[in-house]
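Visitor: Pasted the sequence and its predicted model underneath.
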Amino acid sequence: MEHDDERVPGDERVPDDERVPDDERVPDDEREALVAIAHGAVLTAGGVSGQRALTAATEFALARGLGPTAYGVYALAWRIAQLCSRLVTFGSVPALQRYLPEYADDPDRQGTVAGLAYATTLGFGLAIAAGIWLAAPRINDLTVAEPAFTDTIATFGALVGLLGLVMVASAIFRAVGSARGEIAFNKLLRPAVRLVGAVVALALGYSVVGVAGGIVVATAALAAAAVPLSARVTGVVPSLRGARREARRFYNHAAPVAMSSLGKVFQNRVDVLLVGALLTATAAGVYNVVLVLIAVAWIPLLSFNQLLPPVASELYADGQTETLNAVYTSVTRQIVTTVIPILAVLVVYGRELLGLFGEPYAAGYVPLVVYLGGVFVGSAVGATGWLLMMTDHQYARMLLDWLLAVLNVGLTYAFVLRYGLVGAALGTSLAIAVQNGIQVVLLRRFEGLWPFDRTYLRPLAAGGVALAAMRAVREVVPGRRAVIVGAAVGLVGYAATLHAIGVDPRDRLVVRELAERYRSLLADRASR
């Protein structure tokens with residue numbers, strides 16, 4: 001006998017909103033932003049992974065081909081050139097991310113912003129090259145004191161401006177929402193031409209100075225191609241027409257960001273300078289290989305941050321702070337979910353991976369593990385620095401960068417003197433942790449943005465299972481075979497644990513939407 005008040009599963013009287021899957025209740029604007037960022041992350045992850053592979057191949061070839069001392073000379077000169085390349089655009093890259101999306105309906109203003117970015121980068125590139133050329137002998141005296149270092153660092157001085165031009169061209173692709181263009185030039189072609197230039201120089205029998213020259217020539221060819229191609233594909237044609245009118249707003253954003261970048265050199269990269277100044281050329285080479293592996297651990301954060309800045313800028317400009325916070329929370333959780341298995345592999349098998357470059361480089365294992373602590377904290381809070389800039393708090397970030405830079409120089413100097421390479425990693429790891437911790441607090445104070453909730457515990461628990469599984473494999477599988485077997489077992493355990501304890505509805509939404517998109521793309525290509 002039926003009863004009127006009886007309910008059964010699936011009955012039509014169940015309210016509609018109770019039958020809608022959680023991942024389908026996400027608001028449209030949030031859904032669109034999450035899928036766009038995740039799609040950019042997938043493309044970027046492939047590009048950045050290729051970049052890291054090309055970088056590792058370059059370092060492997062040079063470490064083997066030059067020997068520990070000559071490689072240490074190259075490594076220090078290359079890292080100094082990289083540090084200068086962080087400054088050469090004078091904040092133009094974040095300014096492009098901030099203003100090109102805002103000026104989407106005004107191509108002339110977009111062109112002016114791009115013109116200012118190129119002109120600024122070219123001017124600073126020439127100034128930095130001249131400064132490095134003049135200071136090269138003194139830098140050598142203060143660091144490794146090797147005869148080849150002076151000519152090597154002077155040659156790399158010309159590289160800084162060329163790298164800056166490629167970075168600006170790539171940033172224009174990124175600012176208009178084209179992850180592919182940015183990935184092609186900045187993530188793949190930049191390391192590819194470095195590999196080609198270095199390998200050709202080695203094959204011709206050149207020393208470390210010749211290797212530097214080969215890299216400069218190859219990068220010049222890339223810069224000559226990148227600038228016109230960027231304008232043709234994106235439609236953003238650089239021009240200085242109206243530059244006076246636009247310059248004040250442009251540099252109001254770019255200048256404090258540039259000062260932040262300078263502060264971050266002393267905050268996050270003073271370790272490279274101090275290793276060269278206080279330790280040996282060989283130690284500089286070992287630390288450079290450590291940084292090659294560290295770069296792999298940064299891939300998830302870099303990938304998800306690919307399209308987050310322009311998305312955040314647009315949401316902030318439209319006053320959609322609540323949606324921005326929801327996106328920030330979801331994206332940061334996805335970064336954590338992705339980075340944890342990478343950290344587990346590096347912690348358990350770091351010694352074996354460093355040994356691939358040569359036995360002397362295995363000495364960098366403890367610094368590697370210490371540095372990974374900072375990587376975890378930096379990834380766990382997400383795009384704090386970008387969000388401060390995209391919400392017009394660039395001056396707060398600048399002040400914070402310099403405050404911590406001064407503190408970090410003193411601490412890292414003391415740590416390197418006392419602990420050597422481990423001290424260099426410890427100083428930088430602490431700087432990253434403190435910087436990001438304060439930035440996430442500032443975001444909450446200024447804009448009410450806060451990424452953390454209890455869903456973060458799920459990838460942490462799964463990471464513990466993966467770590468235990470990898471350590472168990474390491475005990476029973478000998479040698480470097482344990483890396484492949486253990487990584488596979490750990491990843492399976494990680495995925496199974498996540499599935500068992502549950503995945504956040506927004507993460508399921510992203511996976512489903514992207515899977516459908518890629519299936520459609522593959523089907524379209526197959527039908528052609």
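Guide: Yep, it's here.

Visitor: roughly how far apart are Phe90 and Glu30?
Guide: In this structure, Phe90 and Glu30 are 35 Å apart, going by CB to CB, to the nearest Å. Yep, even glycine has a C-beta here, placed from its N, CA and C like the rest.

Visitor: Tell me which of the two has more neighbours.
Guide: Phe90 (23 against 20; other CB atoms under 10 Å).

Visitor: my guess is the more buried one contacts Ser260, does it?
Guide: No - because the distance of 11.3 Å does not satisfy CB atoms under 8 Å, Phe90 is recorded as not touching Ser260.

Visitor: ok, the closest residue to Leu417 other than its chain neighbours - contacts?
Guide: By the measure of CB to CB, 6 or more residues apart in numbering, the closest residue to Leu417 outside its immediate chain neighbours is Leu278, 6.5 Å from it. Applying CB atoms under 8 Å, 6 or more residues apart in numbering to Leu278 gives the contacts 413, 416-417.

Visitor: same question, Leu301
Guide: If you count contacts by CB under 8 Å, 6+ apart, Leu301 has them with 335, 339, 378-379, 382-383.

Visitor: Is Leu302 in a helix, a strand, or coil?
Guide: Following DSSP: H, G, I helix; E, B strand; the rest coil, the label given to Leu302 is helix.

Visitor: Tell me which helix or strand comes right after the helix-or-strand element of the chain with minimal mean pLDDT.
Guide: Of all helical and strand segments in the chain, the minimum by mean pLDDT, DSSP states H and E falls on helix 16-19, at a mean of 44. Using DSSP states H and E, the helix or strand that directly follows helix 16-19 along the chain is helix 28-66.

Visitor: I'd like the next helix or strand past that next one.
Guide: Secondary structure here is assigned by DSSP H and E; on that basis, the next helix or strand after helix 28-66 toward the C-terminus is helix 68-88.

Visitor: relative to helix 28-66, how tilted is that next one?
Guide: Computed with axes from the mean of the first three to the mean of the last three CA atoms, to 10 degrees, the direction of helix 68-88 lies at 150 degrees from that of helix 28-66.

Visitor: What's the first helix or strand after helix 68-88?
Guide: Downstream of helix 68-88, the next assigned helix or strand under DSSP H and E is helix 92-99.

Visitor: Please point out which parts of that following helix sit buried.
Guide: Taking 16 or more other CB atoms under 10 Å as the neighbour-count basis, helix 92-99 is seen to contain the buried residues 92-99.

Visitor: pLDDT of it, averaged?
Guide: For helix 92-99, the per-residue pLDDT values average out at 84.

Visitor: Contacts for that helix, please.
Guide: Contacts of helix 92-99 with the rest of the structure, by CB under 8 Å, 6+ apart, involve 109-110, 113-114, 116-117, 120-121, 167-168, 171-172, 174-175, 249-250, 253-254, 257, 309-310, 313, 386, 389-390, 394.

Visitor: quick one, strands of the stretch 301-450 of the chain?
Guide: Using DSSP state E, counting those that start in this stretch, no strands are assigned anywhere in the stretch 301-450 of the chain.

Visitor: so what's the spatially most central residue of the chain closest to, chain neighbours aside?
Guide: Geometric centre of the chain, nearest residue: Leu302, 3.5 Å, by CA atoms, centre = their mean. For Leu302, ignoring the flanking residues on the chain, the nearest one in space by CB to CB, 6+ apart is Val48 at 5.5 Å.

Visitor: Filter the contacts of Leu278 down to the buried ones, PyMOL style.
Guide: Filtering the contacts of Leu278 down to the buried ones (16+ other CB under 10 Å) takes a single PyMOL command:
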select buried, resi 413+416
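
Visitor: from the contacts of Leu278, which ones fall inside helices?
Guide: Per DSSP state H, helices hold the following members of the contacts of Leu278: 413, 416-417.

Visitor: ok, of those residues, which one's closest to Thr282?
Guide: Checking the ones in helices among the contacts of Leu278 against Thr282 with CB to CB, the nearest one is Val416 at 15.0 Å.

Visitor: Chain neighbours aside, what residue packs nearest to Gly65?
Guide: Distances taken as CB to CB, 6+ apart put Leu202 closest to Gly65, at 4.7 Å, once the chain neighbours are dropped.

Visitor: Please identify the helix or strand for the one you found.
Guide: helix 190-203.

Visitor: So for the helix or strand following that helix, what gets flagged as buried?
Guide: Following helix 190-203 in sequence order, the next helix or strand is helix 208-234 (DSSP H and E). Of the residues in helix 208-234, those buried by neighbour count under the rule 16+ other CB under 10 Å are 208-220, 222-223, 226-227, 230-231, 233-234.

Visitor: Can you check what angle separates the helix or strand that helix 208-234 is followed by from helix 92-99?
Guide: Remark: after helix 208-234, the chain's next helix or strand is helix 243-268, criterion DSSP H and E. Per the same axes, to 10 degrees, the angle that helix 243-268 makes with helix 92-99 is 120 degrees.

Visitor: Provide a list of residues in contact with the closest residue in space to Ala129 that isn't next to it in sequence.
Guide: Of all residues not flanking Ala129 in the chain, Gly157 sits nearest, at 4.2 Å (CB to CB, 6+ apart). For Gly157, the contact set (CB under 8 Å, 6+ apart) comprises 81, 84, 128-133, 136.

Visitor: same check, this time on Val227
Guide: Going by CB under 8 Å, 6+ apart, Val227 touches 118, 165, 169, 238.

Visitor: ditto for Ala247
Guide: When the contact criterion is CB under 8 Å, 6+ apart, the partners of Ala247 are Leu116.

Visitor: What's the separation between it and Ala104?
Guide: Applying CB to CB, one obtains 20 Å for the distance of Ala247 from Ala104.

Visitor: same thing with Val193?
Guide: Using CB to CB, one obtains 32 Å as the distance from Val193 to Ala104.

Visitor: Check Gly358 too.
Guide: When CB to CB is the yardstick, Gly358 and Ala104 sit 50 Å from each other.

Visitor: Equivalent analysis for Val489, please.
Guide: 48 Å.

Visitor: cool, Ala284 as well?
Guide: Ala284 is 45 Å from Ala104, by CB to CB.

Visitor: neighbour-wise, which of these two wins?
Guide: Taking other CB under 10 Å, Ala284 and Ala104 do not tie; Ala284 has more neighbours (27 against 14).

Visitor: Could I get the contacting residues of His253?
Guide: 91, 94-95, 98-99, 389, 394.

Visitor: typed the wrong thing, it's Thr338
Guide: Contacts were defined as CB under 8 Å, 6+ apart; by that measure Thr338 touches 300, 303-304.

Visitor: and whatever helix or strand Glu516 lives in, what other elements does it pack with?
Guide: Mapping Glu516 onto the secondary structure by DSSP H and E places it in helix 505-527. Packed against helix 505-527 by the contact rule (3 or more CB pairs under 8 Å, 6 or more residues apart in numbering; DSSP states H and E) you find helix 28-66, helix 321-355.

Visitor: tell me the average confidence for the first one?
Guide: I take that to be helix 28-66. Per-residue pLDDT values across helix 28-66 average out to 84.

Visitor: Tell me the buried residues in it?
Guide: Buried, per 16+ other CB under 10 Å, within helix 28-66: 30-31, 33-48, 51-52, 54-63, 65-66.
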